[in-house]
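Asks: got a predicted model here, sequence first, then my questions.
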Amino acid sequence: MPPEAIELLVIAAAALVFAVAFAPQAASRRTLLVRGGAGLAGSAAIAAVPTLDVALLVLLMLGVLHAAVAGTRSFATRLRPPVIAVGMLALGLLLVRVEAPDLVARFGAVGLVAGLAASIGLLPYLHPIEPDEALTASPVAWLGFIGPVLAVVVVVRAQGALPTDAGGAFGGMLVGLGLLNMAWGGVAAWLTADEVAAWRYSFVADWGLVLCGFGLTVADGQRGALLVLFSILAGRLPLYLISRQAIREKTTTRRPINLVVAAALAGSAPFVGFGARILLLRASTQIYWPLALVLAVVMLLWLPGSLRLGRSLGQPRRRQALGVALILAVNVAAGLYPLPLLAAARL
Amino acid sequence: MPSAAVAAPIVFPLIVAAVIAAFGLAGINLGRPAAAVGAWSAAAALLAAWLPIRSSLELVLGQLGYGSALDLRLDGVSFAFGLLIVVPAAVLLTLQPRPWADAAIALVGMAASVAAVEAGGVVLTAIAGGTAATVAVVLLDTEDPDAKRPSWGFLLAAWLALALVGVVLQVGGGTAVYSAVPVSAVTAPVFALLAAAAVLASCLLPWRSWPAQLWTRPSLRAAGITLATLFPLGFYLLVRAYELGDGRYPSAAFNIVLSVIGLAVALSAAARAQAVATRRELLAEVVPGLGGFALTAIALGTPLGLVTGIVLLAVASAFVACLALLPDRAGIESMVAIAAAVGLPPSVAFGARVLGIEATFEAGDFLGLIGVAGAITWAVWMVAGARAIGLPGGRGHPAAETFPIVAMSIALLTLIGGPALALFQAGFANPVAAEVMRSAAGTLGGGATSIATTSSLLPVVTLFTPLLVIAVAVYFATNTRAIRTQARPALFPIPSAPIAERIRIAFKNATVPDEYRTVFSLRELESAAARGNPIVWLVALVALGFAVTRY
Amino acid sequence: MIQPAAGIVVWLGVSLVVVADGRRGQAVGIALSALGLAVLAFVTAGAVAAAAIAAGGAIAGARRFVSGPAGWEILSPGSTPRLVLCIVTALVAFWVADAVTSGPVASVRFAVITAITLSAARVLSTAEPAAQLSAVAVVAIGVASAGAIGSTDPAVWPYLAGGVVAAIVGWLPLRSPSAA
């Protein structure tokens, strides 16, 4: 099992415990626990199985289970993305493994990248979203909970299977898709009409950073990607969960806590997002310095959307306020001193 | 001196902030004494760590995880800038009552700012400076979410740019530690990025921006703290840039460009100041005006220019405290403040401006012309100050947060402090030059009573003391009650203000004709991408396949 | 001869899943796909693998035989594009398996490509849960069989997992969409 996957599993488990403990009143804690537990078990299975083929089968099963839970979208709508993802990943893996000219392996890399994007729900394979759908049934479950472990497993195993030429194409495509998701997610989180969609796009933007990190095949890129995944699991997802009630009630507030949350979501210092950005800038400078400039400019797109999302949190009270404080504290600690996280993942 | 003493100016305010917050959450407001303890303990720690040894003290605590170690250093530069940050903040926290949350946040911001100037490398400075900026925005919003505050985008861009500089130095030069970066790693593009970060961090721009706008807030508590903690940081970066380049910038063009920017900032502040309607509006331009002069001096590239810039920054820091405590009323307090700010002799500002102009002439070539322009700018400030005699005070601030005697005392100190300029420069500013311009700093001399320049000697005590005596004598000999003031017209109107407003309104109201049908609709694009259309997915797959054949 | 025949049987089976709207047609399609893939698995990975595929496919087919829209509904009106898709996919898969790629067991490559591609297309093209789950079952055994490609001694785990997934998916309770 890749050490990063183990670490992300632990963080996902902690995120689940947090979700159950600090969920707003309206949410069913039992449902969260059951569905979240199933998702966690599926993620653990994906990380633990010996080959990527079996991991794809686990992913397929997870996709069917997720499509079967009660939600506002139809079963058919929710089933399509994971099945397409598994199909593309499987075909990509096939093309990588066969004896064939280098170009075929590159097409295999295309399948792997496209399949990864489709499984998580990134551009250009966004999952349809309904504002009224429960969190556990929505695409955010893939983006914010199952996706991190899945992405690490797929990327690590794929990088091991790809020949050198196709590996370069794989990395290049990840960076390209990453930039696309960063730009689209950043702008859409700011301008889209619906708050739930805005949150979804904020996840998409963060995933853009992750894809760039995975595509920059130096250690700092992997480190940056890991920190962003940490910020998704331990920051963005719990904050989204806490904001659900205020979004449902259509309340927005402009209190200091909303601004601090916005800062965390935007990746400002001293939160973990800033440390991740430093690592990604280091990685891109090592590979191709103009990319670092582009990344730095695109990173500014987080700010307007984050201000909006911060306000959508409403005014958390009592237990939720404690939860928000805990999230922010964890993010600050990881932002100022990320070494233990990186060391645990052997990066 | 144990190296852990370096961390004390950062740790003490954080500890006190935590205590204030803990008591505050329990319903007990520890009030101004606690905030004062937190702030003054940082100042005391700085002095206690620096004065006994007056040489660099470093604390390295191991790697943090992004290529930088926790490396803190107390040297002449961090000592000077640390005091510039801490002292005005401490004065304000001691005197102005504020809720416990504001006090705690202010202390955290102050600690972050001190951490930025004590950081041993560029990346750590970026993290600490970014934190200070975030905290400042939160503090301003906590006090009044509807009042003016710095553009968060600008601040984030500044510290992100600095982070990029840091990683470029790490990758290209192997390290981003100020004292260890190879000079060859500081190329022109890297320096340009650093300079841009510095200009944005302190918002040294030739139009009205947050260093002036914050003074129009209904309350000046958070504004004062913000200016104290954020405004010096951009200058700090430009001073450290000399250390990165072994005493100079990569190209003389950078000296010229930055000096011109500083001049533009000072001149635009002066132009706005002479056209204001109230004394408060004039005083709002003081800090950016002094900052502009300071930037011009620091950017000259000579030791004299550098120390002069530091002295001007010290005056600006004093005025941050003074202006935040000054009530908006016509009276002797504001007059003294204005007199000191515009640089009436024998004030510290007067002496520093004289030296600054002399430094430009000694630098020679184009920089000499900048000196001439600087003198003209100063003259405009004098006119603005004279005009302010007849202006009303301003909108007014809560009386509880104003301390006119203290404000006047601070202004008076800078006004009569001119004779001590040489002593102040030798003790406070010269170590900065010694740290970042090691090879050239030896040209600074003169001692405690005079300042030696390349071509002359300015006997500040001999010259300024009689001026001070004469000024005092004239003041007491004059019957001020007989003076009747009246508002004078501006020397020249500022056409840019209504033009900028018209442009802004035009942009805001811009629309396309109803008949226009766009081929690029963001909303429809979003809808198409998020609908889960299989055709879109297939096309994307084909596009990726095509792209990979071109790779 | 057996391997090419098995490959064609797989294609026939998955094509039936694609063009049939009734549960009997889909059940026979699943069964044929599983039969073909089981034969190929027996040749490349051994008896256990073949048994897993066969069992999974049989259970999935049996489940489909008793649940879903009644009848066969093969080539019902509007299914021409799907039929064309099946033919085109077969041709492309044959070209990729035989001409573009090389190595032993070209039939496995052909079978896997057709199984996965056509099943995925079926999932995209229909909103009927029974048809989608039939296609998912074929995807599962198709993905499992892909483990033989590029390996001289494929492990049995993918086949077991594929069989289990194919067997289970048809039994999941489905809920209608509702407001949250």
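Replies: Arrived safely.
Asks: what parts of chain B come near chain C?
Replies: B:P534, B:W537 (Cβ under 8 Å from any Cβ of the partner chain). Just so you know, the C-beta spots here come from the backbone N, C-alpha and C atoms, and that holds for glycine as well.
Asks: try 10 Å
Replies: Counting by Cβ under 10 Å from any Cβ of the partner chain, chain B comes close to chain C at B:G532, B:N533, B:P534, B:I535, B:W537, B:L538.
Asks: please report phi then psi for the residue in the stretch 301-450 of chain B that chain C sits nearest to.
Replies: Nearest to chain C, among the residues of the stretch 301-450 of chain B, is B:P398, at 48.3 Å (Cβ to the nearest Cβ). Main-chain dihedrals, B:P398, degrees, to the nearest 10: phi -50, psi 130.
Asks: let me know the pLDDT of the spatially closest residue to it that is not a sequence neighbour.
Replies: Closest residue to B:P398 apart from its sequence neighbours, by Cβ to Cβ, 6 or more residues apart in numbering or on different chains: B:S219 at 6.3 Å. Per-residue pLDDT puts B:S219 at 91.
Asks: mind checking the SS state of A:P50?
Replies: Assigned with DSSP: H, G, I helix; E, B strand; the rest coil, A:P50 falls in the coil class.
Asks: which strands or helices does the helix or strand harbouring B:V432 pack on?
Replies: Element membership for B:V432, per DSSP states H and E: helix B:430-436. Contact partners of helix B:430-436 among helices and strands, from 3 or more Cβ pairs under 10 Å, 6 or more residues apart in numbering or on different chains; DSSP states H and E: helix B:76-95, helix B:221-244, helix B:303-325.
Asks: C:D153: neighbour count?
Replies: Here the number of neighbours of C:D153 (other Cβ atoms under 10 Å in any protein chain shown) works out to 8.
Asks: ok and the residue in the stretch 101-250 of chain A nearest chain B?
Replies: Closest residue of the stretch 101-250 of chain A to chain B, Cβ to the nearest Cβ: A:P124 (3.7 Å).
Asks: tell me which element the closest residue to that residue other than its chain neighbours falls in.
Replies: Nearest non-adjacent residue to A:P124, counting by Cβ to Cβ, 6+ apart: B:A540, 3.7 Å away. Per DSSP H and E: B:A540 is located in helix B:534-550.
Asks: okay, buried residues for that helix please.
Replies: Judged by neighbour count (16 or more other Cβ atoms under 10 Å in any protein chain shown), helix B:534-550 contains these buried residues: B:V536, B:W537, B:A540, B:L541, B:L544, B:V548.
Asks: ok, of those, which one's closest to B:E515?
Replies: Closest approach between the buried residues of helix B:534-550 and B:E515, by Cβ to Cβ: B:V536, at 29.6 Å.
Asks: wait, that closest one touches A:A118, no?
Replies: No. B:V536 is beyond contact range of A:A118, at 11.6 Å (criterion: Cβ atoms under 10 Å).
Asks: follow-up on the earlier one: who's in contact with the residue nearest to B:P398?
Replies: B:Q96, B:R98, B:E143, B:D144, B:A147, B:A324, B:H397, B:P398, B:A400, B:E401 (Cβ atoms under 10 Å, 6 or more residues apart in numbering or on different chains).
Asks: which secondary structure state does B:L72 sit in?
Replies: strand.
Asks: how much space between it and A:A90?
Replies: 53 Å (Cβ to Cβ, to the nearest Å).
Asks: tell me which of the two has more neighbours.
Replies: A:A90 (32 against 25).
Asks: dihedrals phi and psi, A:E99?
Replies: According to degrees, to the nearest 10, A:E99 has phi -80, psi 120.
Asks: nearest to chain B: which residue in chain A?
Replies: Taking Cβ to the nearest Cβ, chain A has A:A269 as its residue nearest chain B, at 3.0 Å.
Asks: and that residue, which of the three is it?
Replies: coil.
Asks: wait, isn't it in contact with A:A276?
Replies: No. Using Cβ under 10 Å, A:A269 is not in contact with A:A276, being 11.4 Å away.
Asks: can you check which residues contact both of those two?
Replies: Residues touching both A:A269 and A:A276 by Cβ under 10 Å, 6+ apart: A:G335.
Asks: how about the CA coordinates for stretch A:123-134, as CSV?
Replies: Backbone C-alpha positions of stretch A:123-134 (Å, rounded to 0.1, in the frame of the first residue of the first chain) are rendered in CSV as follows:
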residue,chain,number,x,y,z
LEU,A,123,-13.1,18.7,-15.9
PRO,A,124,-13.9,17.6,-18.5
TYR,A,125,-15.8,14.9,-16.7
LEU,A,126,-17.8,16.9,-14.2
HIS,A,127,-20.5,14.9,-12.5
PRO,A,128,-23.9,16.5,-12.6
ILE,A,129,-24.8,18.1,-9.3
GLU,A,130,-28.1,18.9,-7.7
PRO,A,131,-28.2,21.6,-5.0
ASP,A,132,-30.7,19.7,-2.8
GLU,A,133,-28.9,16.4,-2.7
ALA,A,134,-27.4,15.0,0.5
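Asks: any idea how far that stretch is from the chain center?
Replies: Here stretch A:123-134 shows a centroid-to-chain-centroid distance of 14 Å under the convention Cα atoms, centre = their mean, to the nearest Å.
Asks: next, the buried residues of it.
Replies: Across stretch A:123-134, burial judged by 16+ other Cβ under 10 Å covers A:L123, A:P124, A:Y125, A:L126, A:H127, A:P128, A:I129, A:E130, A:E133, A:A134.
Asks: now stretch B:34-53
Replies: Buried-residue list, stretch B:34-53, by 16+ other Cβ under 10 Å: B:34-46, B:49-50.
Asks: can you check stretch A:87-105 too?
Replies: A:87-98, A:100, A:104-105.
Asks: which of these fall within strands?
Replies: In strands, judged by DSSP state E, none of these are found.
Asks: can you tell me the closest non-neighbouring residue to residue 192?
Replies: Going with chain A. Here the residue nearest A:T192, using Cβ to Cβ, 6+ apart, is A:A198, at 5.2 Å.
Asks: um, chain B though
Replies: Going by Cβ to Cβ, 6+ apart, B:A192 has B:F254 as its nearest residue, at 7.6 Å.
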